[in-house]
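In: Okay, here's the prediction I keep looking at, along with the sequence it came from:
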Amino acid sequence: MRAETEHVVAEIEKSLALLRQRLDWETAGHRLEELNAMSEDPELWNDPARAQKLMRDRQLLSDAIDAYGTLDRELSDLRELIELGEAEGDAEVVAEAEASLRGLRDQAAQKEIEALLDGEADGNDTFLEINAGAGGTESCDWAAMLARMYVRWAESHGYKVEMIAESAGEEAGIRSVTYQVKGQNAYGWLKTESGVHRLVRISPFDSAARRHTSFSSVWVYPVVDDNIEIEVATNDIRVDTYRSSGAGGQHVNTTDSAVRITHIPTGIVVTSSEKSQHQNRANAMAALKSRLYQLELDKRNAAINAQHEAKGDAGWGNQIRSYVLQPYQMVKDLRTNVETSDSQGVLDGELDRFMAAALAQQVAGKSRAEAQAEA
């Protein structure tokens, strides 16, 4: 086996070792049997919240065991195939098996990162909020580009995306938009995207074709499920109803029953403008609880949540990622130094490399300043 191939095998084995450790492999099968037995208890659904948690835990453990077993078997099969091909002098078989091995390495690395998504709310659905920074039409257009990027990323990963509220820009783009992204580990993946995103390009709105720099902020907070209790005092909130209007397009708002809730102690404002007033109030209250929960998570994890250490204005000094379209093509994450010249691919939703690197850095407990000092 070639040295390069042996290195790929070693990388896969390293990922598998981490997966075994995170699963506590020696007891995983026994724990799954226990969960299966508990799920068959006829009185389980007398407590729906407990039942849902148990069924979710069972499915997660079962999926993790299956994923590990599949990777382990495929690694063994490919190694045998390469050895057989080399013994018979069949270069074509060896080349195909080595290509499959490289693909397996990528799958194992992905599962390794997913194994790190074991935070309190990582498995939850999430709210994704995008706000245009200073800069008028330029920033509103950039916010719309970011919205498209995240929707494409989410849909390519099988997540369901529901728009909760949108405010259109005066001439183009959007001033703000809030989505709810639904699916396993939606918050765990997207939480690393919180921060200010900077765009450099030749403006399509500038008749002199000058370069412009635009900023928009992205903030991510988990949907609070029934297992997380957040109490909001009635006298701590102000509820306003209003008519929402848009500048046209597929998301034009025509409802007369949009709801805005202001949390007076923190100044947090959430809106919902897509459904009936009753539904809008429920949506907005859910979003408020999620924001308050995110604040509590940030307090507990201040040392490792680098993306929340400077939630200032969307402008210079607070950005986490830079997207340069002119005079060259480059997208660079300022926390992890991961970069690519495929800027169009990134804007089309190819974000996994950035998310994985930021998540690994976060789990390692390094702050943004420490990571930059090491670079």
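Out: Yep, that arrived. All values derive from a computational prediction rather than experimental measurement.

In: Pull stretch 186-203 out as CSV, backbone CA atoms only.
Out: Taking C-alpha atoms only, stretch 186-203 is exported to CSV below (Å, rounded to 0.1, in the frame of the first residue of the first chain):
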residue,chain,number,x,y,z
ALA,A,186,-29.6,22.8,12.8
TYR,A,187,-28.5,25.0,15.6
GLY,A,188,-25.3,23.0,16.2
TRP,A,189,-24.1,23.7,12.7
LEU,A,190,-25.4,27.2,12.2
LYS,A,191,-24.3,28.6,15.6
THR,A,192,-20.8,29.1,14.3
GLU,A,193,-22.1,31.6,11.7
SER,A,194,-23.1,34.3,14.2
GLY,A,195,-21.2,37.5,13.6
VAL,A,196,-20.6,40.2,11.0
HIS,A,197,-20.0,39.3,7.4
ARG,A,198,-18.0,41.7,5.1
LEU,A,199,-18.4,42.0,1.4
VAL,A,200,-16.0,43.8,-1.0
ARG,A,201,-17.1,44.1,-4.6
ILE,A,202,-17.6,46.5,-7.5
SER,A,203,-21.1,47.9,-6.8
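
In: switch to numbering from 26
Out: New numbering, starting at 26: the last item is stretch 211-228.

In: Could you say which helix or strand holds T296?
Out: Take DSSP states H and E as the rule and T296 turns out to sit in strand 293-297.

In: C165 too?
Out: helix 162-181.

In: What pairs with the strand holding T296, parallel or antiparallel?
Out: strand 283-288 (antiparallel) (DSSP bridges).

In: Return stretch 76-85 as CSV; C-alpha atoms alone will do.
Out: Output of stretch 76-85 as CSV, limited to C-alpha atoms (Å, rounded to 0.1, in the frame of the first residue of the first chain):
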residue,chain,number,x,y,z
ALA,A,76,-41.5,10.1,25.5
GLN,A,77,-40.3,12.5,22.8
LYS,A,78,-36.9,12.9,24.4
LEU,A,79,-36.5,9.1,24.9
MET,A,80,-37.4,8.4,21.2
ARG,A,81,-35.1,11.1,20.0
ASP,A,82,-32.2,9.8,22.2
ARG,A,83,-32.8,6.3,20.9
GLN,A,84,-32.8,7.4,17.3
LEU,A,85,-29.6,9.5,17.7
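
In: What residues sit buried inside that stretch?
Out: For stretch 76-85, the neighbour count (16 or more other C-beta atoms under 10 Å) marks 76, 79, 82-83 as buried. In short, each C-beta sits where N, CA and C put it, glycine included.

In: do the same with stretch 156-166
Out: 156-158, 160-166.

In: What part of the protein, helix or strand, is modelled with the least confidence?
Out: Sorting the helices and strands of the chain by mean pLDDT, DSSP states H and E puts helix 393-399 at the bottom, at a mean of 42.

In: right, and the helix or strand after the strand holding T296?
Out: helix 302-325.

In: Show me what that following helix is packed against.
Out: With contacts taken as 3 or more C-beta pairs under 8 Å, 6 or more residues apart in numbering; DSSP states H and E, helix 302-325 sits against strand 151-157, strand 236-247, strand 262-267, strand 283-288, strand 293-297.

In: Would you mind finding the most buried of these?
Out: strand 151-157 (a mean of 24; mean count of other C-beta atoms under 10 Å).

In: Adjacent strands (with direction) for that strand?
Out: Strand 151-157 has these strand partners (DSSP bridges): strand 199-207 (antiparallel), strand 236-247 (antiparallel).
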